[in-house]
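> Need the 3D shape of this:
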Amino acid sequence: MTNKTDQRLRLTLRQLEVFAATARTGSTRAAADRVARSQSASSAALAALEAAVGAPLFDRVGRRLVLNEHGRALLPLTLSLLGQAGELQARLSSDRAAPLRIASSFTIGEYLLPGVLAAWKHAHPEVGARLVIGNTSEVIEAVAAFEVDVGFIEGRQRHPDVVVRRWLADELVIFAAPSHPFAGRKVGVGELAGAGWILREPGSGTREASDRLLLERIADMRIELELGSSEAVKRVVAAGVGIGCLSRHAVAEAFEGGWLSEVRTSLPKASRALSIVVPRERPPGPIAEDFVRACLASAGRQFG
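Now for the predicted structure:
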């Protein structure tokens, strides 16, 4: 990029918004849809940005625009600036503080965060919050792109643009309906191999962890159903269709209520880390940092 001695600002937020959208979608046409502008306007904004920077930001590979070294250097700064601009706009357009934006994987978002978030909200009634739930890779991408302030994931994950901090330990458990022959006794590996399994869908953090526990030790597993939510797995197993494997956090209330029973086995205990994720290039703001502190403090009280 050229080094200009003139310090007048040549960039606009609209240009940076188009640049970030193009980097994500690979074309100015798709970027135009994301930023609600015409393709010609988006192309002009990108051209103006490249002129201001003094270097092209993309290489054309087939029909796609792919970030080059200049674009890769500019993107993290752009995403950080756009995130701060969004927070500023939210503050200027409302008497309330900008809402806390959270992304979480399913187990954490459905079974752990609601209680923590409710307690935190009681202490901060003036601050709104938005929680979105997706798979682990979606959470990491949202954090890396500054679309959320903080994320929560399952398992061991790495990404160059985020910092992952261990939060809680989680244990996987095998369970069945109380009427199932496995309920109330210890079951060997051979019996587990002959059982019908109800598991989360491939690609989920829970399925990745359960595969590590089960596939290495149980040959020829008979998987009857693969379902996209832990609640669905629990309900099907409770109806007497096979046995399941989920986070202990996900089945704790069902065990207490007596409509699911833990299956004791000869398998070793399977634990995994639940982690907090924040952007590497931009430290959490005061609201997000306060929520992270509340989560870390709650770990010992509620889940220890």
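
> the longest strand in this structure is where?
As assigned by DSSP state E, the longest strand anywhere in the chain is strand 162-176.

> residues in contact with the next helix or strand after that strand?
Sequence order places strand 186-187 as the next helix or strand after strand 162-176, per DSSP states H and E. By Cβ atoms under 8 Å, 6 or more residues apart in numbering, the surrounding residues in contact with strand 186-187 are 263-266. Quick note: C-beta positions are derived from backbone N, CA and C, even for glycine.

> Same list (these) but as TSV, adding distance to residue 292, pLDDT and secondary structure.
Listed next are the contacts of strand 186-187 as TSV, based on distance: Cβ to Cβ, whole Å; pLDDT from 0 to 100; DSSP: H, G, I helix; E, B strand; the rest coil:
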residue	distance to residue 292	pLDDT	secondary structure
263	36	94	coil
264	36	92	strand
265	36	91	strand
266	39	87	coil
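
> What subset of those residues is buried?
263, 265 (16 or more other Cβ atoms under 10 Å).

> any chance of the contacts of strand 186-187 in JSON lines, plus distance to residue 154?
JSON lines is the format used below for these (distance: Cβ to Cβ, whole Å):
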{"residue": "263", "distance to residue 154": "22"}
{"residue": "264", "distance to residue 154": "24"}
{"residue": "265", "distance to residue 154": "21"}
{"residue": "266", "distance to residue 154": "25"}
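
> Farthest-apart pair in the contacts of strand 186-187, please.
263 and 266 (11.0 Å; Cβ to Cβ).

> Pull the distance from the longest strand of the chain to the chain's centre.
14 Å (Cα atoms, centre = their mean, to the nearest Å).

> From the contact counts, what lies against it?
The helices and strands touching strand 162-176, judged by 3 or more Cβ pairs under 8 Å, 6 or more residues apart in numbering; DSSP states H and E, are helix 136-144, strand 150-154, helix 205-214, strand 243-247, helix 248-257, strand 261-262, strand 270-279, helix 286-302.

> one more time with 7 Å, if that's ok
Strand 162-176 sits against helix 136-144, helix 205-214, strand 243-247, helix 248-257, strand 261-262, strand 270-279, helix 286-302, with contacts defined as 3 or more Cβ pairs under 7 Å, 6 or more residues apart in numbering; DSSP states H and E.

> Now do the fourth one: everything it contacts.
It stands for helix 248-257. Helix 248-257 is contacted by residues 107, 111-112, 170-171, 173, 175, 230, 234, 260, 262 when judged by Cβ atoms under 7 Å, 6 or more residues apart in numbering.

> quick one, that helix and strand 243-247 angle?
Inter-element angle recorded for helix 248-257 and strand 243-247: 120 degrees (by axes from the mean of the first three to the mean of the last three Cα atoms, to 10 degrees).

> mean confidence score for helix 248-257?
For helix 248-257, the mean per-residue pLDDT is 94.

> Mind listing what's buried along that helix?
So helix 248-257, judged by 16+ other Cβ under 10 Å, has buried residues 248-251, 254.
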